[in-house]
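1. Structure for the following, please:
(2 chains)
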Number of protein chains: 2
Amino acid sequence: MQAAILGAGVIGCGWAARFLLHGWDVIVYDADPAAPGRMSQTLDQARFSLTQLYDAELPSEGQLNHAASVTEAVANADWIQESIPELLSIKRDLYLAIQDALPAGTPLASSTSGFKPTDLASDLSCADQMLVCHPFNPVYLLPVVEVVAGQRTHQQTVNKAIEILTDIGMKPVTVRREIDAHIADRLLEALWREALWLVADDVATTQEIDEVMRNGFGLRWAQMGLFETYRIAGGDAGMQHFLAQFGPALAWPWSKLTDVPELTAELVDKIAAQSDAQSGHLSIAELERQRDKNLVAIIRALKDTNSGAGEHVNAVEAMLHNGRADRS
Amino acid sequence: MQAAILGAGVIGCGWAARFLLHGWDVIVYDADPAAPGRMSQTLDQARFSLTQLYDAELPSEGQLNHAASVTEAVANADWIQESIPELLSIKRDLYLAIQDALPAGTPLASSTSGFKPTDLASDLSCADQMLVCHPFNPVYLLPVVEVVAGQRTHQQTVNKAIEILTDIGMKPVTVRREIDAHIADRLLEALWREALWLVADDVATTQEIDEVMRNGFGLRWAQMGLFETYRIAGGDAGMQHFLAQFGPALAWPWSKLTDVPELTAELVDKIAAQSDAQSGHLSIAELERQRDKNLVAIIRALKDTNSGAGEHVNAVEAMLHNGRADRS
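-> Next up, the predicted model:
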């Protein structure tokens, strides 16, 4: 099986690494001369981290190739993943360039965090093969992927996508309705916007906000998410009680959210300076290694309690064991 | 040292357990006849979980008493923690009832998640001793506590609060400016509001939203928080680059946040039914045990990588070791 990875930035390289380590061949297309270097760096990192996640052996690593053209990349692909910059026009141009070279039945998935698949596919003859599969950085470690079908996406394409994504150890969550930014980035944007206000108004620094999250509610969300956490807060009276108790606060004029903070040069400088003070003693590569070490440690801890991402990884492990048994 | 716990709901019981297990005597006041039962249940849970968090030995457990009146509870207290319902008038009535019985120099801390300390203390003669110390459920496990001073709070009160909260294994984060809902609940409210829209609009169910969080960005926030995670996303170009790339999206008309979802009976029923389908096979007590098991597992995992809450717990352990050495 071969995956074509179009665009080898942080997300594209992460996809490539995940496919390779789950036994797929990968062909990468990115015109940037720095792309192969980035690719091999991500792959090294993924080899180091992902292997620690499973107690089962991964399949033999696939073959990595770089394509000279985008049509060459997609010609024999069983999966195509587009991860180029978030501009509708350049994404559409890319799809137009490949639609005639697209193998029949091969899903064409976009990593877009914002656009609706129907908008991406509006002028395409291959709209039936097109869908959104939005992953999270680092793609080789975080299991979740949002799967969004457009108006013309075939159900067969969605089914195949879920099968393939599951095969490479992911946890597909099918989004029930197309909306801009899907599920996660709607939530992220809401919180991010409020965080910017807190910094802009000098209520807290970037570091203080991070401390509150990682010593507090971030730990709750990592293992149960939002609703299950609040279900507990409602006690035995349950969600009805929780909503009755905390619902009204929504209508109080607490939040700045009715307003968009203006990213003035001054605010950008302030945030960047606070972030430098907080984490500037570490390089991005060092921060990435720290993050990956933490993610592996957390997910392995959740394997022992069979919860959240740990429950998922246990299921992948069982699949890997069965796969090995089938092949032997 | 003795802590007076006023109000023995989920939060008050959590505070009491944390103080007791760090060697403080605790006197609880709550008129509800169910309070002592709730208290001993929480204490059992905390004994089981908190001891697993540290490789160092905790001090001998303090003495737990229940007071017949609120003035009896505060009479000899070195710390007073108010955790009664979130209504300004009943909180103020309580403070008025105790202000003449308040020992000099004893901080009077409110667990309020919403009110500003200046508003809480507006009519009080003891405003200099009053501040907000807002913890997170489960209080006996999660380290972070938001410390907020009002206009008339003495700096001495704040210093003493930080010292005592550190002594009971917490991670105080001083909020730089009084605002309604402090830091965390501003962030939580923003995300919660958007999540309600997603459910109301049938984009996702409660379970699907939780899956996206616990298999995705929740794992990032648990160990690094928001800004450090995004710093990585910006790559070597840093936060300036990240803000330039993702900042403009804030102004796009993605989010429903400019609007408050109406919690109609229909929406409440929908959320409650989805939550039942997701987690109704487990009792709240079972969910709580699962949550605590997960939290201990995650924080212990982060001890090994010396990150986030794990780094904090390592520091507490060192303190506990030193404390023991001092006493011996």
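2. and whichever strand or helix holds residue A:189, does that touch chain B?
-> Element membership for residue A:189 (DSSP states H and E) is helix A:184-200. Yes. Helix A:184-200 comes into contact with chain B (Cβ under 8 Å from any Cβ of the partner chain), by way of A:184-198. In this view, the C-beta of every residue, glycine as well, is placed from N, C-alpha and C.
3. Packing partners of the helix or strand that that helix is followed by?
-> Downstream of helix A:184-200, the next assigned helix or strand under DSSP H and E is helix A:206-212. If contacts are counted by 3 or more Cβ pairs under 8 Å, 6 or more residues apart in numbering or on different chains; DSSP states H and E, helix A:206-212 sits against helix A:184-200, helix A:265-279, strand B:144-149, strand B:171-174, helix B:184-200, helix B:227-233.
4. With mean pLDDT added, can I get those in CSV?
-> Shown next, in CSV, are the helices and strands packed on helix A:206-212 (pLDDT from 0 to 100):
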stretch, mean pLDDT
helix A:184-200, 86
helix A:265-279, 77
strand B:144-149, 97
strand B:171-174, 95
helix B:184-200, 86
helix B:227-233, 81
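5. any idea how far residue A:282 lies from chain B?
-> 9 Å (Cβ to the nearest Cβ, to the nearest Å).
6. ok, which residues in the stretch 1-150 of chain A are in contact with chain B?
-> A:10, A:114, A:136-137, A:142-144, A:146.
7. Could you tell me how far the helix holding residue A:189 lies from the centre of the chain?
-> 18 Å (Cα atoms, centre = their mean, to the nearest Å).
8. So which bits of it are buried?
-> A:184-200 (16 or more other Cβ atoms under 10 Å in any protein chain shown).
9. list the helices and strands it packs on?
-> Short answer (3+ Cβ pairs under 8 Å, 6+ apart): helix A:184-200 packs on helix A:206-212, helix A:265-279, helix B:184-200, helix B:206-212.
10. quick check: angle from the longest one to helix B:265-279?
-> Taking axes from the mean of the first three to the mean of the last three Cα atoms, to 10 degrees, one finds helix B:184-200 and helix B:265-279 inclined to each other by 100 degrees.
11. As CSV, could you dump the C-alpha coordinates of helix B:184-200?
-> The C-alpha coordinates for helix B:184-200 follow below in CSV (Å, rounded to 0.1, in the frame of the first residue of the first chain):
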residue,chain,number,x,y,z
ALA,B,184,-9.3,29.2,34.3
ASP,B,185,-13.0,29.6,34.3
ARG,B,186,-12.8,32.3,31.6
LEU,B,187,-11.0,29.7,29.5
LEU,B,188,-13.4,26.9,30.5
GLU,B,189,-16.4,29.0,29.9
ALA,B,190,-15.3,29.9,26.4
LEU,B,191,-14.7,26.3,25.4
TRP,B,192,-17.8,25.0,27.2
ARG,B,193,-20.0,27.6,25.4
GLU,B,194,-18.7,26.5,22.0
ALA,B,195,-19.2,22.8,22.9
LEU,B,196,-22.8,23.5,23.7
TRP,B,197,-23.2,25.0,20.2
LEU,B,198,-21.7,21.9,18.6
VAL,B,199,-24.2,19.6,20.4
ALA,B,200,-27.1,22.0,19.9
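12. For the residues of the stretch 1-150 of chain A next to chain B, name the two members farthest from one another.
-> Among these, the pair separated by the greatest distance (Cβ to Cβ) is A:114 and A:143, at 21.4 Å.
13. More neighbours: which of these two?
-> Neighbour totals were compared for residue A:114 and residue A:143, and residue A:143 leads with 27 against 19 (other Cβ atoms under 10 Å in any protein chain shown).
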